[in-house]
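Visitor: turn this into a structure:
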Amino acid sequence: MAARGRCPECGSEALLEDAHYAQQQLVCGACGCVLSEGLLTTTYSDEGQLREVAYSQSTGQKEQLKRCEQRGIRRVQDLCKVLRLPSVFEGTAVSYFQRALQHSSFHLGSLEKKELLVGCCVLATCRQHNWPLTLGTICSLLYAKQELVTSVYLSLQKELGISVPALSLKDLVKTHLNSFRLFQPAEDIPVTFVEDKEALLARTMQVVELASETWLVTGRHPIPIVTAAAFLSWQSLQPAARLSCTFTQFCRAAGVDLPPPARLRLKELCDILLRMAAELAWLRVLNLDKKTVVKHIGDLLQHRIFLLKNAFCDAEVEEQAGAARAEDSSSDPQAVPDEGRPTEGQQKAESSRRALLPPCLLHPRKRLRTAALSASDAALTGDEPISDGEIEQYLRDPEEIREFRKAKVWQ
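Guide: Next comes the predicted model:
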C-alpha cells in the first residue's frame, strides 16, 4: 500500500507500508530505507511480561546493516566499477570495509575518514592481487590529500593485520603510461607525437632500470622519474621529429601533469647518459650534449652493463690517482705549485668523466648542527676501565670467553 511523503535518504516518493513480522512498517521502495517501524516481542521473557520492543532494539535489527555501513559498501562497489576491477576484488574490499568499521578508530571516526577508508580498502585489495593501482589514483578519485589517505591506509593495515606487498617499479611504469594519450591519433596531437605503446613501455622500463642502478630512484618519489624516463624514451624513438619538443609540451600532449621534481630527474638522467657516452669511442668524438645524446639512447642501453662497469672502474682509478698526486705534492715541498695541475681541457674532460655516486654524495646537503656535549660526555676519552658486569658484552670470540671464565676462577 502506497503512502504519502518522501524518503529522507533518496528523496523518492515510492513509500510503502509493509508488514514485517506482522508489524506495519513504512519502507522506501527505491532504496529500502525504513522510515517507521512497529512494535514486536522478541524473547520469551518479554512475551511473559507482555512487553513490546521496537524493531531497532530487537534481534532482527542485528541482522541488518546500518546506514553508514550500507553507504560505505555502495561506495566501495562504485569505486570498483569505476576502476573496472574484477568481481573478486569487490568482495574482498567490502569485507575489509566491514571489518574495519568494527574497530573504534574507524567506527567512531568522521565521515571524511570513512570516505578515505573506502579507497584504502580498494587499494589494499589491488595491491594484494598485484593489480597496478597507485595511491595517487585513489587520491584523485576521492579528491583527498595524499597525506590523509596515507595515514588511513597505514592505520588500516595495522588494525586489520593486512599484509600488503609494495607496488613494483615495473607495475608502476605500466600504470603511469596507461594514462598517456599518445598511443592513438587525435585532432589535438600531431602525427609525429603518436607512438606505439609497447615500444615506449619497453624503452621506458630500460631507462627506469638504468636510473635505479645509478641511485636516482632510491628515497625519491617514483612518478617524476618515470615521467622523465618516458620523455627521453619517447624522444629517442623518433629523435628527428621530437628533439624540438620540450618537456612541458610533451606532458601537455600526453595529458599528464608535470611534477616539479621531474625537471631535476631529467637533468640527472641526461648526466648519466653523457657519462656513459664518454665510455664509447665512437660517441666520445661527437661532443654530445644533453639534447644530442638522446639520439644514442638505444646504443647506450644496449651496452648498459659494460658502460656502467667501466664508469665505476674509471671513478676508482681517478680517485686513486688523485690521492697519489696529493701525497706526492705533500711529500715534495720544493715542487712547483703549478706543476702537475691539469689544464682547462683536462679539467673539462675530467668533469665529463666524474664518478658515478649517489646524489646524496655528489650534492650533500647542509648537516644539522649537533648539540653541544655535556661536561661529563666531553670528559670521556674511551680509555676508561670496563666493569666486570659489562665486560661480557665485549666478548665475541669463544677463546676470549674461555679465558675470561678461567680468570674468574683464579680470582
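Visitor: secondary structure class for V294?
Guide: Here V294 is recorded as helix under DSSP: H, G, I helix; E, B strand; the rest coil.
Visitor: please parse the chain into its domains.
Guide: 8-38, 67-166, 170-310 (the TED database).
Visitor: these: which one's closest to A375?
Guide: domain 170-310 (37.7 Å; Cβ to Cβ). Heads up, the C-betas are built off the backbone N, CA and C, glycines and all.
Visitor: mind checking the end-to-end distance for the closest one?
Guide: End-to-end distance of domain 170-310 (Cα to Cα, to the nearest Å): 27 Å.
Visitor: how about stretch 160-173?
Guide: End residues of stretch 160-173 are separated by 29 Å (Cα to Cα).
Visitor: do stretch 15-27 as well
Guide: 6 Å.
Visitor: what is the mean pLDDT for it?
Guide: Mean pLDDT, stretch 15-27: 64.
Visitor: so where's the stretch 251-400 of the chain uncertain?
Guide: Applying pLDDT under 70 to the stretch 251-400 of the chain flags residues 312-374, 376-378, 382, 388-396.
Visitor: which residues in this protein form strands?
Guide: 2-3, 15-20, 23-28, 34-36, 39-40, 53-54 (DSSP state E).
Visitor: name the nearest residue to V152, sequence neighbours excluded.
Guide: Spatial nearest neighbour of V152, chain neighbours left out: L116 (4.5 Å); criterion: Cβ to Cβ, 6 or more residues apart in numbering.
Visitor: Q77 too?
Guide: E90 (5.9 Å).
Visitor: was I right to think the residue nearest to V152 contacts K145?
Guide: No. Between L116 and K145 no contact is recorded; they are 9.5 Å apart, counting by Cβ atoms under 8 Å.
Visitor: quick check: phi and psi on the closest residue to V88 other than its chain neighbours?
Guide: In space, and not counting its chain neighbours, V88 is closest to H129: 7.8 Å by Cβ to Cβ, 6+ apart. As for H129, its main-chain torsions (degrees, to the nearest 10) stand at phi -100, psi 10.
Visitor: any idea how far H129 is from V409?
Guide: 63 Å (Cβ to Cβ, to the nearest Å).
Visitor: which one's more surrounded, those two?
Guide: With neighbours defined as other Cβ atoms under 10 Å, H129 and V409 compare such that H129 has more, 14 against 6.
Visitor: the more buried one and F89 touch, don't they?
Guide: Yes. With contact defined as Cβ under 8 Å, H129 and F89 form a contacting pair (6.3 Å).
Visitor: between the two ends of stretch 80-90, what distance do you get?
Guide: 6 Å.
Visitor: neighbouring contacts of that stretch?
Guide: With contact meaning Cβ atoms under 8 Å, 6 or more residues apart in numbering, stretch 80-90 is reached by 76-77, 93, 122, 125-126, 129, 131, 133, 137, 141.
Visitor: 6 Å instead, please
Guide: For stretch 80-90, the surrounding residues in contact (Cβ atoms under 6 Å, 6 or more residues apart in numbering) are 77, 125.
Visitor: tell me the mean pLDDT over that stretch?
Guide: 89.
Visitor: so how far is that stretch from its chain's centroid?
Guide: 22 Å (Cα atoms, centre = their mean, to the nearest Å).
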